[in-house]
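> What follows is a predicted protein model with its sequence.
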Amino acid sequence: MRILDAQIAEINMYIYQKSGWPSFTWDQEKFYQTLVNLTYKQGHLIGQMEALGFALRDEASLNTMTMEILKSNEIEGEILDYAQVRSSIARRLGMDIAGLVPSERDVDGVVEVMLDATKNFQDELNEERLFAWHSAHFPTGRSGMSKIIVGNWRNNEPQDPMQVVSGAIGKEKVHFQAPEAKVIPKEMTNFLEWFNKNEEHHKIIKAAVAHLWFVTLHPFDDGNGRISRTIADMMLTRSDGVPYRFYSMSAQIRKQRSAYYDILERTQKGTLDITNWIVWFLECLENALTHAEESLANIIYKAHYWNRLSQLTLNDRQKKLLNMLLGDFVGKLTSSKWAKIANCSQDTAGRDIQNLIFHGVLEKEPEGGRSTNYSLVPLKLKK
């Protein structure tokens, strides 16, 4: 009977309460081929990035880091302003791009964290650095309306445990309860020693383990999910070996948010064999790399298109609209929409459009209707 009670108690334990913590194990045979494929994809994309000029590489990195920051915060229900994030990154990278807007202190803070993790990816990760990251995430010392401990480990008492909870008041569901605050300093010392040590594990696998380990410890009052993803990004940057980002794990996790929380909860209530978590992490990374290939292809296409346009004399209105058409222009292009965006008369818009039609840049769309629509003439690239 005592053996049965012990078995039941073991089943009801969280992963950090299991005997042997934090000696994680996994069955590499179950993801070996995926890891091989990922390593090839990484190398291929890095080669493509290295072949780009500085301007295109910076643009790709700017786009990726903007999405990484936005989506990592969205996962936690925090919505940041796209233009502010993009502008803050561009200023810190010394990029001269159009449309920069002022950014608020909380936006600048999360941008500084991301840039520190990726630009200084080889530097040691220590308490001081983590405390600085945490302070940058919460510059007012508050999370929403609540005052929190900033730049130090949490110190909640055992009777007020750190829990991940969902549901209405009175009907809460506890998904996870973190370790007691008193063990955090020692646990984080173990984690940081492991993270900074060069060992036999593939860095992609180490990124997966680091993400799970940190978020399980939940060492801060808030921001643990975001910082765990930054730590994983830092290790992935070490794996890439280049100080810029060209794929976003957080953007992919945001698409799979339900599955992300589900696999985390199951793993944290499971055993020290974290094979399923690693498999999920690698599949998510593979999807992120696939999306990066598509994004990079768009950037390369845009560069080739502008190279073609460089042979023409274009006014500022035409440059602005063509840049939008090569980017994230929404809806159909009409002369009235051109006039509104370019802040010019309908006649001027018509002349701009006709000039581009003459040079084979724009064409009328075949559909009829009350308004004539125009689209870019596709560029045929040599394979």
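Structure received.
> Map the structural domains onto the sequence of this structure.
Following automatic domain parsing, one finds the domains of the chain at 2-300, 316-376.
> any idea which of those is most buried?
domain 2-300 (a mean of 17; mean count of other CB atoms under 10 Å). The C-beta positions use only the backbone N, C-alpha and C, and glycine is treated the same way.
> chain center to that one, what's the gap?
Relative to its chain's centre, domain 2-300 lies at 9 Å (CA atoms, centre = their mean, to the nearest Å).
> With stretch 352-362 instead?
The answer for stretch 352-362 is 38 Å, by CA atoms, centre = their mean.
> Can you show me the CA trace of it as CSV?
Provided in CSV are the C-alpha atoms of stretch 352-362 (Å, rounded to 0.1, in the frame of the first residue of the first chain):
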residue,chain,number,x,y,z
ASP,A,352,2.1,58.7,-62.5
ILE,A,353,0.3,55.4,-63.3
GLN,A,354,0.3,55.9,-67.0
ASN,A,355,4.0,56.5,-67.0
LEU,A,356,4.6,53.2,-65.1
ILE,A,357,2.3,51.4,-67.5
PHE,A,358,4.4,52.8,-70.4
HIS,A,359,7.6,51.5,-68.9
GLY,A,360,6.0,48.0,-68.2
VAL,A,361,6.0,48.3,-64.4
LEU,A,362,2.2,48.5,-63.9
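> and it, average pLDDT?
Mean pLDDT, stretch 352-362: 95.
> Would you mind listing the outside residues contacting it?
By CB atoms under 8 Å, 6 or more residues apart in numbering, the residues outside stretch 352-362 that reach it are 309, 312, 315, 317-318, 321-322, 333, 335, 338, 342, 344, 363-364, 374-377.
> ok, now stretch 77-91?
By CB under 8 Å, 6+ apart, stretch 77-91 touches 62, 65-66, 69-70, 73, 97, 99-104, 106-108, 110-111, 114-115.
> and what of stretch 144-159?
Residues contacting stretch 144-159 (CB under 8 Å, 6+ apart): 131-132, 134-135, 138, 141-142, 162, 180-181, 184-185, 188, 218-222.
> Narrow these to those in helices?
Phe131, Ala132, His134, Ser135, Ile184, Pro185, Met188 (DSSP state H).
> of all the residues you listed, which comes closest to Ala303?
Proximity of the ones in helices among the contacts of stretch 144-159 to Ala303 (CB to CB) peaks at Ala132, which lies at 36.7 Å.
> Now the closest one: closest residue in space that isn't a chain neighbour?
Excluding its sequence neighbours, the residue lying closest to Ala132 (CB to CB, 6 or more residues apart in numbering) is Gly151, at 7.2 Å.
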